[in-house]
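Novice: give me a model of this one.
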Amino acid sequence: RQPVARFDLDSAILFSDILTLPDAMGLGLSFSEGEGPRFSRPVSSMKDVERIARTRPMDGLGYVCDAVRMIRHELNGRVPLIGFTGSPWTLATYMVEGETSREFRKIKSLLYTQPDILERLLEILSQVTADYLSAQIHAGAQAVMVFDTWGGVLSRDAYLKYSLGPMQHIVSELLRLETPHTIPIILFTKGVGHELADLAASGCHAVGLDWTMELDQARAQVGSRVALQGNLDPAVLYAPDAVIRREVQKVLEKYGQGSGHVFNLGHGIQQYVQPEKVTVLVDAVREFSPAYH
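Specialist: Predicted structure coming up:
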C-alpha cells in the first residue's frame, strides 16, 4: 500500500518473491545474508521431479491470496491490482541450480543431456503457475504478469521450447479458466527483444520490454496486437533530476503518438534508488505523456 500512497501510480502490483511457488513444493528455501536464496533439496533427477509432482503447492500459498484480498480492500478502487509470478523456466533455473547462477551449468546440462527431466519439470510448473495466477485472479487481482528473468540465457530454439512454450500454456490456461471474464495478461522476458514477435503471438495482452529494446522498433514489430510496457533503464534513477526527466521524454518519444504504451521501468527498481527519484520519474511521466495521447 505504501508505494501507491506515496507515488501517483496507475496500478499496484503484488510483488512477492518468485520463489514462493517452488518453496511450497518442498525444496527447502532459505536465505543467507549476502548470498541470496538457496534450496537445500534442488532438482537433479526424474525422481525429484515426480516427488514435486505429488506435492500440493496451492495448499501452502493461501497467504498470497489473503494478501491479494487485503490489498484490494486497502486500495478501495483507487488503482487496479496486478498479480505476479515467475515464469516456469525462471523458476526451474533456481530449482535445478539450487541457488542464483551466472552460468546456469546444471540446468543447461540437463537441457542437453536429459531433456526429458527438464520437460517434465516445466510441464508441472506450467500448470501449477497457471493455477497460482488463477487463484490470484479469483482473490481479486485485476491483471497478471509473468516475469521471465532468465529466458535471455537460452538460444532461440531453446527459448521457444523451454521458456516461451510454458508461458504460452499459462496464457491458454488462463484464457480457458477465466472466460468470459478474461483479464489482461502481461509477459516479460529479459534479454530477448529479438523474440518479440513470438511473445506478441502468444495470446497475451501486453509485452514487457527491457531497456535494451528500441520502443519504436518494437512497436513496428507488433503493431496493435499487444500493448507494450516499459522500458526505461532502472539505473537512470541514480541520475540527477534533469537527466531522469530527459530520459522519460526519450522513452515517450520512441513510442510516439497513440495508445498502447504503458510507461514502466525496463526491469525491477534497484534497492539503492532514493524514493525521491521515483517521484521525479512519475511527475515527469504525468507532465510529458499527455502530448502523446
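
Novice: so what secondary structure elements neighbour the biggest helix by length in the chain?
Specialist: In the chain, with assignment by DSSP state H, the single longest helix is helix 115-139. With contacts taken as 3 or more Cβ pairs under 8 Å, 6 or more residues apart in numbering; DSSP states H and E, helix 115-139 sits against helix 20-23, helix 46-53, helix 62-75, strand 81-86, helix 88-97, helix 105-113, strand 143-148, helix 165-178. (Glycine included, C-beta is placed from N, CA and C.)

Novice: what residue lies at the spatial centre of this structure?
Specialist: residue 147 (1.7 Å; Cα atoms, centre = their mean).

Novice: dump the residue contacts of it.
Specialist: Neighbouring residues of residue 147 by Cβ atoms under 8 Å, 6 or more residues apart in numbering: 18, 84-87, 90, 188.

Novice: grab the nearest non-local neighbour of residue 185.
Specialist: With Cβ to Cβ, 6 or more residues apart in numbering as the criterion, residue 185 has its nearest non-adjacent residue at 4.6 Å, and that residue is residue 204.

Novice: ignore what I typed, I meant residue 60.
Specialist: residue 24 (4.0 Å).

Novice: count the neighbours of the one you found for me.
Specialist: Neighbours of residue 24 under the rule other Cβ atoms under 10 Å: 19.

Novice: what's it in contact with, if anything?
Specialist: Neighbours of residue 24 in contact, by Cβ under 8 Å, 6+ apart: 55, 57-61.

Novice: circling back: what does the model give the residue nearest to the centre of the chain for pLDDT?
Specialist: What the model reports as pLDDT for residue 147 is 96.

Novice: okay, and the beta partners of it?
Specialist: Taking DSSP bridges as the rule, residue 147 bridges to residue 86, residue 188.

Novice: gap between it and residue 173?
Specialist: As judged by Cβ to Cβ, to the nearest Å, residue 147 and residue 173 stand 17 Å apart.

Novice: check residue 283 too.
Specialist: 39 Å.

Novice: and what of residue 8?
Specialist: 35 Å.

Novice: the more surrounded of those two?
Specialist: More crowded of residue 8 and residue 173, by other Cβ under 10 Å: residue 173, with 17 against 11.

Novice: what sits against the more buried one?
Specialist: Neighbours of residue 173 in contact, by Cβ under 8 Å, 6+ apart: 126-127, 130, 134.

Novice: most surrounded residue in those?
Specialist: Neighbour counts for those peak at residue 130, which has 24 neighbours (criterion: other Cβ under 10 Å).

Novice: surely it and residue 168 touch.
Specialist: No: contact criterion Cβ atoms under 8 Å: residue 130 and residue 168 do not qualify, at 10.8 Å.

Novice: residue 32: neighbour count?
Specialist: Residue 32: 9 neighbours (other Cβ under 10 Å).

Novice: if we can go back for a sec, okay if I get the helices and strands packed on helix 115-139 as TSV plus distance to residue 287?
Specialist: Listed next are those as TSV, based on distance: least, Cβ to Cβ, whole Å:
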stretch	distance to residue 287
helix 20-23	37
helix 46-53	49
helix 62-75	25
strand 81-86	24
helix 88-97	35
helix 105-113	45
strand 143-148	25
helix 165-178	35
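
Novice: closest to residue 34 out of those?
Specialist: Comparing the helices and strands packed on helix 115-139 against residue 34 with Cβ to Cβ, the closest turns out to be helix 88-97 (17.5 Å).

Novice: quick one: that closest one to helix 165-178, angle?
Specialist: If you take axes from the mean of the first three to the mean of the last three Cα atoms, to 10 degrees, helix 88-97 sits at 120 degrees to helix 165-178.

Novice: got the buried residues for helix 88-97?
Specialist: Neighbour counts over helix 88-97 (16 or more other Cβ atoms under 10 Å) mark 88-97 as buried.

Novice: many thanks, have a good one.
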